[in-house]
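Trainee: this one's structure only:
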């Protein structure tokens, strides 16, 4: 029976379409072939990877892993394994398979150990409804408190209104917090459409700059050939404002503070969106980096959860909201700390407009 779509894809197309990294190693552990997923995970092109020793590209903290890898009959499955790639630490799931018909040759796969777990948890219906319910219950008494403070203020002399002004200001601050909680609990995503990514970045930069007493130490590294992204304009600008503001807060006390915003086209990154019931390609990347001290290592695995913050007076809703807004646009956000270089990177990957 003929395939109505024009024939099944060959093995090269199948390997290229895998969402995880796949590498073929020669008997001397030289990298012979890589797929786009490996290029994306390692952050280097196939032309730069092929011909290099695998252990020069990927380093293991566990010596037992090296022994298993050197074995010609290597067969291994490991979950939550820490590896070093280009000076950064990644937590991955790893498999090593030997090829019976080709002695000494191995196939290695690597995948982000946290990605699948994070998205499966967050895509669960009602995962963030708690903050929304709490926000709804808080709003009514807040309005009553503010109204009572205003009534009291009318009976006081001008110089005696400091306390009622404080009450009103604190009520307003709590109301803003409540609004953010409600946005976290909103289940219906905002509509998306084709957008110019660089226009959204510049709008966000202007907003953060206007609110700052000092000029922002921004450097742009844009790919001018990028096609439009599929996103919601207001949500995307809000995401960028939060990330740029966080970067500025993180590095403002550095000797030479610097924020770098990069855009590029990446291949091979695909996310399974449970809400849509299908995989979505995410080839558009915007990266916001700063040379501040980075996020407390104890919080890094939880930074996108509500009420988790490393800031002294932080509410812990900023990155949780960013994560939700990015998910609502069928995108992905990730964090990486480069200890060797002293940089913190937040990467947002978004779909391309058709």
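Mentor: Now that the structure is in, tell me what you want to look at. No experiment lies behind these values; they were computed from the predicted model shown. Numbering: from 1, shown residues only.
Trainee: Flag the shaky bits of the stretch 51-200 of the chain, pLDDT-wise.
Mentor: Low-confidence segments of the stretch 51-200 of the chain (pLDDT under 70): 62-66, 68-75, 114-140, 170, 173, 176-188.
Trainee: Please enumerate the strands of it.
Mentor: Shown for the stretch 51-200 of the chain, the strands assigned by DSSP state E, counting those that start in this stretch span residues 58-60, 75-85, 88-98, 106-112, 193-195.
Trainee: Tabulate those strands (JSON lines), appending distance to residue 263 and mean neighbour count.
Mentor: (Glycine included, C-beta is placed from N, CA and C.) JSON lines is the format used below for the strands of the stretch 51-200 of the chain (distance: least, C-beta to C-beta, whole Å; neighbours: other C-beta atoms under 10 Å):
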{"stretch": "strand 58-60", "distance to residue 263": "27", "mean neighbour count": "19"}
{"stretch": "strand 75-85", "distance to residue 263": "22", "mean neighbour count": "14"}
{"stretch": "strand 88-98", "distance to residue 263": "20", "mean neighbour count": "17"}
{"stretch": "strand 106-112", "distance to residue 263": "21", "mean neighbour count": "20"}
{"stretch": "strand 193-195", "distance to residue 263": "13", "mean neighbour count": "14"}
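Trainee: Which among those is found nearest to residue 291?
Mentor: strand 88-98 (15.1 Å; C-beta to C-beta).
Trainee: The residue most central in space within the chain pairs with what?
Mentor: In the chain, the centroid-proximal residue (C-alpha atoms, centre = their mean) is residue 333; its distance is 1.7 Å. With DSSP bridges as the criterion, residue 333 is bridged to residue 348.
Trainee: burial count for the nearest residue to residue 27 once chain neighbours are set aside?
Mentor: Once flanking residues are discounted, residue 27 sits nearest to residue 104: 2.9 Å by C-beta to C-beta, 6 or more residues apart in numbering. Around residue 104 there are 14 other residues, counting by other C-beta atoms under 10 Å.
Trainee: just residue 250 next, same as before
Mentor: 20.
Trainee: sec struct for it, please.
Mentor: Classification of residue 250 using DSSP: H, G, I helix; E, B strand; the rest coil returns helix.
Trainee: Now for it: which residues touch it?
Mentor: By C-beta atoms under 8 Å, 6 or more residues apart in numbering, the residues touching residue 250 are 290, 292-294, 344.
Trainee: redo that, cut-off 10 Å
Mentor: With contacts defined as C-beta atoms under 10 Å, 6 or more residues apart in numbering, the neighbours of residue 250 are 257, 259, 290-295, 310-311, 344.
Trainee: Then residue 350?
Mentor: 192, 195, 197, 229-231, 236, 239, 280, 282-286, 326, 329-333.
Trainee: which SSE is the residue nearest to residue 330 when sequence neighbours are not counted in?
Mentor: Leaving aside its sequence neighbours, residue 330 sits nearest to residue 280 (C-beta to C-beta, 6+ apart; 4.9 Å). Assigned by DSSP states H and E, residue 280 belongs to strand 278-281.
Trainee: Kind regards, and thank you for your time.
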